[in-house]
Each structure stands twice: as structure tokens, then as C-alpha cells.
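[1] Sequence and predicted structure, then a few things I'm wondering about:
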Amino acid sequence: MTFDCIISQVHIPDFDVQGNLTFNQKTQLVDHGLRHLRRFNTDSYIILSGHGHRPRYTEVCNFVYWEDKCRPLNEHGYVEGMPAQFPFVSKAIKQAKKEGHTYCLKTRGDCVIGIPGISDYCHKILTAENKPLLITQQTGDDRMGDCFMYGE
């Protein structure tokens, strides 16, 4: 069983209506998050998946699935017809399985994680709580943001 796989998924449109960020600002945030993720998870298998403007620091990732053209977004900033960016997350999960990972963490690409060994941290929570899946949707927690999922 291997569980040290992290999927970082994001879309970077010209203008982010969800956060009022330009693509340059969002790209900087994603780049910072990726570098931070690698710094505190040196041995993790990191997958970046997404579309739109490409982050600059993709070399910290083990695998990148990226479409340079951003898929159409609705007025709320969500990809039209794609709840939770399903095609991008599913391609990343298939890559994780191909590499032999049985568990993985999926997080937003614009999330900055400051917990060293985050996969191990999440796995301990699952084990202690005897749960099959760890998922957060709140945005007020100072440790885990929304769209943070860990499990098989």
C-alpha cells in the first residue's frame, strides 16, 4: 500500500471571478503552493492537473497533465458542464494508480499546505477515525481548505 501521492488540480483563466485575481496573480499563487508542497513533502509523488495559463514551477511535480486552453467557464467561475473538474482529477487519479498508489490526496492548486508529510498526516486521521475518506468543504479552517480530499 502506498499513500504518498498528492494531486494538485486547478484552472487558471484570464480573470478568476471566484477570487478576483488576474491570471498572473493566480499563477503566482499556484507556483507558490507547488513549491511549498514540494518543500514539505520531498518524497511525495506530486501530480498537477488543470487547464488555462500554465504555472511556471511545474518541475517540482512528478507528473503534469495540462491543457493550455482554458475550458469555458460560467459566470461563477466554474467549468461549464464539469462538476469538480472531473476530467482533470480523473486523469490524475489514473496516473496515481498507474504509479502504484492506493491512496492519494487531492487538493486545489491554489492551496498552500504547511503541514510536513501531509499524506501521512491524512492517513493517520483516516486510521484513527476508521473512515474511508477524509474530505473538507469549509473555507474557514486554518489548516485545511475546501476541496481537500484524501482516500483510496
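    Cool, got the structure. Residues are numbered from 1 along each chain as shown.

[2] All the strands of this protein, in order from the start?
    For the chain, strands defined by DSSP state E occupy the ranges 5-12, 15-16, 21-22, 45-52, 63-67, 104-108, 133-136, 148-151.

[3] Give the buried residues for the first one.
    Along strand 5-12, the positions that meet the burial threshold by neighbour count (16 or more other Cβ atoms under 10 Å) are 5-12. Just so you know, the C-beta spots here come from the backbone N, C-alpha and C atoms, and that holds for glycine as well.

[4] Would you reformat these as CSV and include pLDDT and distance to Phe148?
    Shown next, in CSV, are the buried residues of strand 5-12 (pLDDT from 0 to 100; distance: Cβ to Cβ, whole Å):
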residue, pLDDT, distance to Phe148
Cys5, 96, 14
Ile6, 97, 11
Ile7, 96, 11
Ser8, 95, 11
Gln9, 94, 11
Val10, 93, 13
His11, 90, 17
Ile12, 92, 19
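
[5] If we ignore the residues flanking it in sequence, what's nearest Arg35?
    Tyr57 (5.5 Å; Cβ to Cβ, 6 or more residues apart in numbering).

[6] Kindly indicate which of the buried residues of strand 5-12 lies nearest Gly50.
    Comparing the buried residues of strand 5-12 against Gly50 with Cβ to Cβ places Val10 closest, at 4.3 Å.
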